[in-house]
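A.B. asks: the sequence and its predicted three-dimensional model are supplied below.
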Amino acid sequence: MTSRSAPLAAEPTPAAPPAGVAAGAARRGRIAAITSGKGGVGKTFTAANLAAALARQGERVLVLDADLGLANLDVVLNLFPKITLHDVFTGKHSLDEAILPAPGGFSVLLAGSGMVEYSRLTAEVRQQLLQVIEQVTPRFDRVLLDTGAGISDVVLFTVSLADEVIVVATPEPTSLTDAYATIKVLANTQQRQDLNLIVNQVSRPGEGRVIRGQLQQVVDRYVSPPLGLPVRLHFLGEVPVDPAVREAVQRRQLLLQCFPGSPAAQAVAAVAQKVIDR
């Protein structure tokens, strides 16, 4: 695929810079980190389809694959990039050359896979990632950071760069346990008081909201409030178990493109609308 420079977006409403981002970068898009406590919950699939849904609403969106060592956004989108974040970090190519158009009307900045040098947060990796974030945010209305799973130092630093956090979980006990652990760490280490939750793969309507309530009860009981204020979990929506999702994954296509009328696609579109409204 031929790379192209990302188009300049209309100036978004100024927002307060996140931790680590230069205070002078006032005019920029909003940054959302999409993360999860464990792998296999559909985080990257959610990020890609959410980006497509936001793009349909007229937003200029960039998805940055922040799982630097185990990237798979390219697989989900069936892209074969010749230039990745690794090439930008090493100075082989410019950032503009690495930003690619993706199916669905948004842009992507892809990472390499199997890069062991990005498995831990060095001062160099920290600075390189920070510089990239500072350069891309003025160009887009919204930047989605598709982080790795878990609470490694790389993941936590990436999340610290975001204005808001979206935690993706499934109803499985292991996913919920790890989601709680992620929420607790983010509250304690980053003083996050508001986090967003998407529950994927629900088997019946309303299950996601029940799970959000259960997680909120556990958080209220066991998480020490940052700055003396409670930690609030905002429910963005639930995505049902849907055979169309598996079919889209096997095709390596966006669900919103190949099965736009499916229940899961409609659920993602509803999440996107709530993100915009918030």
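C.D. replies: Everything's here; your move.
A.B. asks: my guess is Asp237 contacts Ala270. True?
C.D. replies: Rather than Asp, residue 237 is Gly. Yes: with contact defined as CB atoms under 8 Å, Gly237 counts as touching Ala270 (5.5 Å). C-beta: built from backbone N, CA, C; applies to glycine.
A.B. asks: and the two? Which one has more around it.
C.D. replies: Using other CB atoms under 10 Å as the criterion, Gly237 and Ala270 rank with Gly237 on top: 22 against 15.
A.B. asks: quick check: the gap between the nearest residue to that one once chain neighbours are set aside and Asn200.
C.D. replies: Setting aside the residues directly before and after it, Gly237 is nearest to Val271 in space (CB to CB, 6 or more residues apart in numbering), at 4.1 Å. For Val271, the distance to Asn200 equals 10 Å [CB to CB, to the nearest Å].
A.B. asks: what do the two both touch?
C.D. replies: Val239 (CB atoms under 8 Å, 6 or more residues apart in numbering).
A.B. asks: all strands of the stretch 101-250 of the chain, in order?
C.D. replies: 107-109, 142-149, 164-169, 194-202, 232-240 (DSSP state E, counting those that start in this stretch).
A.B. asks: flag every buried residue along the last one.
C.D. replies: By that I understand strand 232-240. The neighbour-count check on strand 232-240 (16 or more other CB atoms under 10 Å) flags Leu233, Phe235, Leu236, Gly237, Glu238, Val239, Pro240 as buried.
A.B. asks: contacts only, for the fourth one.
C.D. replies: Taking CB under 8 Å, 6+ apart, we find Gly237 in contact with Ile198, Val199, Gly208, Ala267, Ala270, Val271, Lys274.
A.B. asks: of all those, which comes closest to Gln253?
C.D. replies: Ala267 (17.4 Å; CB to CB).
A.B. asks: how many neighbours does that closest one have?
C.D. replies: Ala267, neighbours per other CB under 10 Å, totals 22.
A.B. asks: what's the answer for Pro173, then?
C.D. replies: 8.
A.B. asks: now do it against Thr44, distance only.
C.D. replies: Following CB to CB, the distance that separates Pro173 from Thr44 is 22 Å.
A.B. asks: now swap in Asp65 and tell me
C.D. replies: Asp65 is 8 Å from Thr44, by CB to CB.
A.B. asks: what touches both of those two?
C.D. replies: Asn72, Leu73, Asp146.
A.B. asks: now do the same contact list for the second one.
C.D. replies: Contacts here follow CB under 8 Å, 6+ apart; on that basis Leu73 touches Thr44, Ala47, Ala48, Val63, Asp65, Asp67, Leu79, Val108, Leu110, Ala111, Asp146.
A.B. asks: poorly predicted segments of this protein, please.
C.D. replies: 1-27, 113-119 (pLDDT under 70).
A.B. asks: just want the most central residue of it.
C.D. replies: By CA atoms, centre = their mean, the mean C-alpha position of the chain lies nearest to Ile34, the distance being 2.6 Å.
A.B. asks: any idea how far Val249 lies from Ala111?
C.D. replies: 20 Å.
A.B. asks: and the gap between the nearest residue to His234 once chain neighbours are set aside and Gln216?
C.D. replies: Distance criterion CB to CB, 6+ apart; nearest residue to His234, sequence neighbours excluded, is Asn196 at 4.9 Å. Distance of Asn196 to Gln216, given as CB to CB: 12 Å.
A.B. asks: tell me which of those two has more neighbours.
C.D. replies: Asn196 (23 against 18).
A.B. asks: contacts only, for the more buried one.
C.D. replies: Asn196 neighbours (CB under 8 Å, 6+ apart): Glu164, Val165, Ile166, Val167, Leu233, His234, Phe235, Leu236.
A.B. asks: which parts of the longest helix seen in the chain are buried?
C.D. replies: Secondary structure of the chain read by DSSP state H shows that its longest helix is helix 173-190. For helix 173-190, a neighbour-count test (16+ other CB under 10 Å) marks Ser175, Leu176, Asp178, Ala179, Tyr180, Thr182, Ile183, Lys184, Val185, Leu186, Ala187, Gln190 as buried.
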